[in-house]
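# from the sequence below, what's the structure:
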Amino acid sequence: MHHFQYLTPQSVDEAISLLESHRTRARYIAGGTDMIVKIKEGKAAPDYLVSLKHIPELDRLVYDRETGELHIGALVTHRMLETSDMIRRHYPIIYDAVSCIGSVQIRNVATIGGNIVNAVPSADGTIPLIALDAKIHIIGPKGERQEELQHFFLGPGQNILDEGEILTRFIVPPLLPHTGSAYIKLTRREAMELPILGVGVIISLDDDKTTCTRARISLGVAAPTPIRALSAERFLKGKSLDDTVLEEAGQIASEESRVRDSIRGEAWYRREMVRVLVKRMAKRCLEQIKTEQP
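Numbers count the residues shown, from 1 in each chain. Predicted coordinates:
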């Protein structure tokens with residue numbers, strides 16, 4: 001395996017400075033579940049790994065009661081999200097996604113930031129946060145900025161981060177009243193593998209719980225990057241969500257997808273399952289709202 005030096009900065013500024021010092025010879029590393037595999041396989045050969053694990057503010061999971069925002073540090077592990085009572089109660093779409101990533105051993109180490117920065121279309125952690133309208137906070141040599149997560153991805157393995165920039169946290173806006181959310185990972189078998197398709201749905205209803213006030217539908221492995229089914233979302237808004245309406249929404253989402261054939265699944269099958277799973281997840285959202293505590 002390629003030999004490298006492992007650097008442990010104690011702050012974001014120090015990490016950026018170290019990466020600037022070594023330029024293309026250095027890479028940031030978080031949990032390392034992907035980077036170390038790439039090094040072993042010869043797909044990456046950095047001379048320096050700049051670890052972000054010792055930077056305290058990057059592993060915080062905070063719900064701001066004043067603003068209603070949820071802040072997820074980039075180094076929050078999947079296991080931290082999976083075992084959080086707050087996440088399970090209020091953000092089931094996140095729980096659904098992170099609890100099906102790899103094994104418990106992997107989830108103990110792998111981070112939500114690393115999962116998303118890799119920018120692979122099959123990243124389970126991405127789909128819930130896009131559906132939740134999350135923003136990302138980025139710090140780099142030129143300063144700080146915030147961007148919409150849905151605009152973060154440029155293509156498979158490509159994102160908008162400039163050289164030296166660090167994704168530090170995700171900011172999830174307040175949930176609307178009477179909201180349900182769900183995610184499903186479609187695979188060929190009950191085992192650790194990449195999804196054939198990932199579908200996340202969020203539904204909000206009015207105070208009478210009869211009419212849809214907002215809908216979010218996000219899809220993974222349905223295009224070169226994670227996408228929102230915007231036409232299907234617009235179709236649902238303002239409607240009473242019976243089976244016929246949900247069936248139509250699933251069909252619209254299916255037509256919006258840009259699926260392709262791959263070793264894990266053919267395009268026709270993925271397209272059909274978008275239709276089926278959008279309806280199924282929407283019904284799960286409605287059930288959550290129906291049974292919510294007053």
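# quick one: least confident helix or strand in the protein?
helix 35-40 (a mean of 84; mean pLDDT, DSSP states H and E).
# measure how buried residue 243 is and give me the count.
Neighbourhood size, residue 243 [other Cβ atoms under 10 Å]: 9. Where C-beta positions appear, they are placed from N, C-alpha and C, glycine not excepted.
# measure it to residue 286 for me?
To residue 286, residue 243 is 11 Å away according to Cβ to Cβ, to the nearest Å.
# just residue 211 next, same as before
12 Å.
# who has more neighbours out of those two?
Taking other Cβ under 10 Å, residue 211 and residue 286 do not tie; residue 286 has more neighbours (20 against 14).
# picking that back up, what do residue 211 and residue 286 both touch?
Shared contacts of residue 211 and residue 286 (Cβ atoms under 8 Å, 6 or more residues apart in numbering): residue 205.
# adjacent strands (with direction) for the helix or strand following the least confident helix or strand of the chain?
Per DSSP states H and E, the first helix or strand lying C-terminal to helix 35-40 is strand 48-51. Strand 48-51 pairs in its sheet with strand 5-7 (parallel), strand 26-29 (parallel), by DSSP bridges.
# list the buried residues in the shortest one.
When burial is assessed from 16 or more other Cβ atoms under 10 Å, strand 5-7 yields the following buried residues: residue 7.
# which is the next helix or strand following that strand?
helix 12-22.
# let me see the mean pLDDT of that next one.
Averaging pLDDT along helix 12-22 yields 94.
# show me where the protein has strands.
5-7, 26-29, 48-51, 61-63, 70-73, 135-140, 143-148, 153-155, 158-159, 166-172, 179-186, 197-205, 212-220, 227-228 (DSSP state E).
# what would those strands look like in a markdown table with distance to residue 264 and mean pLDDT?
Output for those, formatted as a markdown table (distance: least, Cβ to Cβ, whole Å; pLDDT from 0 to 100):
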| stretch | distance to residue 264 | mean pLDDT |
| --- | --- | --- |
| strand 5-7 | 34 | 94 |
| strand 26-29 | 28 | 92 |
| strand 48-51 | 30 | 94 |
| strand 61-63 | 32 | 96 |
| strand 70-73 | 28 | 98 |
| strand 135-140 | 28 | 98 |
| strand 143-148 | 29 | 97 |
| strand 153-155 | 19 | 94 |
| strand 158-159 | 21 | 95 |
| strand 166-172 | 27 | 97 |
| strand 179-186 | 10 | 96 |
| strand 197-205 | 9 | 97 |
| strand 212-220 | 12 | 97 |
| strand 227-228 | 18 | 96 |
